[in-house]
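In: below: sequence and its predicted model.
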Amino acid sequence: MKNTTALRTWLDEMNLTHPLVIAGPCSAETEEQVLKIAHELKDSDVNYYRAGIWKPRTRPGMFEGVGEIGLRWLKKVKEETGMKTCTEVANAAHVKLAMEYDVDLLWIGARSTVSPFIMQEIADALQGTDKIVLVKNPVNPDLALWLGGIERLYTANIKNLGAIHRGFSTYEKSKYRNIPEWQLAIEFQNKFPDLPLICDPSHITGNRNMIFDVSQTALDLNFDGLMIETHIDPDNAWSDAAQQVTPTRLKQIMEDLKIRKETETDSKYRDSLENLRAQINVIDDQLIDMLGKRMKVADQIGQLKKEKNVAVLQSKRWNEILGNMVLEGEQRGLSEEFILRMFKAIHQESINHQEKIING
């Protein structure tokens, strides 16, 4: 996508006074449920009413959505409340039905984004549409795969495009359902600043009590909007019960969120900011220097292990280091998650250095 300037047009034309808000139930369950939630959200900051009609599930036998009848309910939502509607599509048949029922916005889920074949099928079905199409990041943290899916849609002459950041799966235990990997989202923004980026805190957290904090972080990082799952009776929802909030709670979240300015022209502020950034630059240089010195020591260890024919990985030693660093980090206000991720990366780089020496 060499020229993406037009991609932000649809968002700019909405002339919003607050970030874009997409909200509604994870799944459309009954007509009464869909309409009741919609009416409660009618006079709020919600711009698009969402509901999952087809639900891709991990295992067979789980609730997989109500299907086409749910589209009739969404059409009724638009007729009764005037709200624009949106749903997820995962194949050409879904696209065809969603278009027939005049759904305003379509999104493509993380399980679909991972497959270039599925993305091409959807792109062909949407060829030239003026509907807004948003693409969720793939399940795994693969920026190229995410961008590749969007590019297939762009090549199909779909100009009203955007992306949804819903976090990434990991085998590691975490407080998140899907790890945010904020740095990857930042890289995405840097590559395509004209592509609207929406945060899905519901799927990132998997926990309604964490929705506000992740939403605020997204706004602090200049995301363009939020997609939040909302249900009148979250605990008894047919899917993803733990991550849905009530309409009342959603309204409170919207009220409490702080919208940050992108910049500030006050000279005192800018002078203070530049001074602090200069300090960070110095510290970053020191960090790189120290890491370089650490790897030189790792090289010496690799040479010693090569001479004595000793294995590179020493699990007991590694676990001791990790435990000590977690404790040291906590004393300095650093989260366990951050310490684990950082030192695992450092450890992997040390292993790479030692293996290069031993096998060289």
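Out: Perfect, I can see it now.

In: residues touching the residue nearest to the spatial centre of the chain, list them.
Out: Geometric centre of the chain, nearest residue: residue 165, 2.2 Å, by CA atoms, centre = their mean. Contacts of residue 165 were listed using CB atoms under 8 Å, 6 or more residues apart in numbering, and they are 136, 137, 180, 185, 188, 197, 198, 199, 200, 204, 218, 223. Bear in mind the C-beta positions are built from the backbone N, C-alpha and C, glycine included.

In: please tell me how far the helix or strand harbouring the fifth one is from the chain's geometric centre.
Out: In other words, residue 188. Residue 188 belongs to helix 182-191 when assigned by DSSP states H and E. Helix 182-191 has its average C-alpha position 11 Å from the chain's average C-alpha position, going by CA atoms, centre = their mean, to the nearest Å.

In: mind listing what's buried along it?
Out: Using 16 or more other CB atoms under 10 Å as the test for burial, helix 182-191 gives 182, 184, 185, 188, 189.

In: for PyMOL, what selects the buried ones among the contacts of residue 165?
Out: Buried residues within the contacts of residue 165, by 16+ other CB under 10 Å, are selected in PyMOL with:
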select buried, resi 136+137+180+185+188+197+198+199+200+204+218+223
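
In: which of the contacts of residue 165 fall in strands?
Out: 136, 197, 198, 199 (DSSP state E).

In: who's the second one bridged to?
Out: Yep, that's residue 197 we're talking about. According to DSSP bridges, residue 163 are recorded as the beta-bridge partners of residue 197.

In: okay, it: pLDDT?
Out: pLDDT recorded at residue 197 is 96.

In: quick one: contacts for the closest residue to residue 218 other than its chain neighbours?
Out: Nearest residue to residue 218 in three dimensions, chain neighbours excluded: residue 199, at 3.5 Å (CB to CB, 6 or more residues apart in numbering). Contact analysis of residue 199 by CB under 8 Å, 6+ apart lists 164, 165, 214, 215, 218, 223, 225, 226, 227.

In: could those be laid out in JSON lines, adding pLDDT and distance to residue 80?
Out: Compiled in JSON lines, the contacts of residue 199 are given as follows (pLDDT from 0 to 100; distance: CB to CB, whole Å):
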{"residue": "164", "pLDDT": "98", "distance to residue 80": "27"}
{"residue": "165", "pLDDT": "98", "distance to residue 80": "31"}
{"residue": "214", "pLDDT": "95", "distance to residue 80": "31"}
{"residue": "215", "pLDDT": "96", "distance to residue 80": "28"}
{"residue": "218", "pLDDT": "92", "distance to residue 80": "31"}
{"residue": "223", "pLDDT": "94", "distance to residue 80": "30"}
{"residue": "225", "pLDDT": "96", "distance to residue 80": "24"}
{"residue": "226", "pLDDT": "98", "distance to residue 80": "24"}
{"residue": "227", "pLDDT": "98", "distance to residue 80": "22"}
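
In: give me the subset of the residues you listed lying in helices.
Out: 214, 215, 218 (DSSP state H).

In: can you convert the residues you listed into CSV and add a column each for distance to residue 109?
Out: Formatted as CSV, those follow (distance: CB to CB, whole Å):
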residue, distance to residue 109
214, 19
215, 20
218, 19
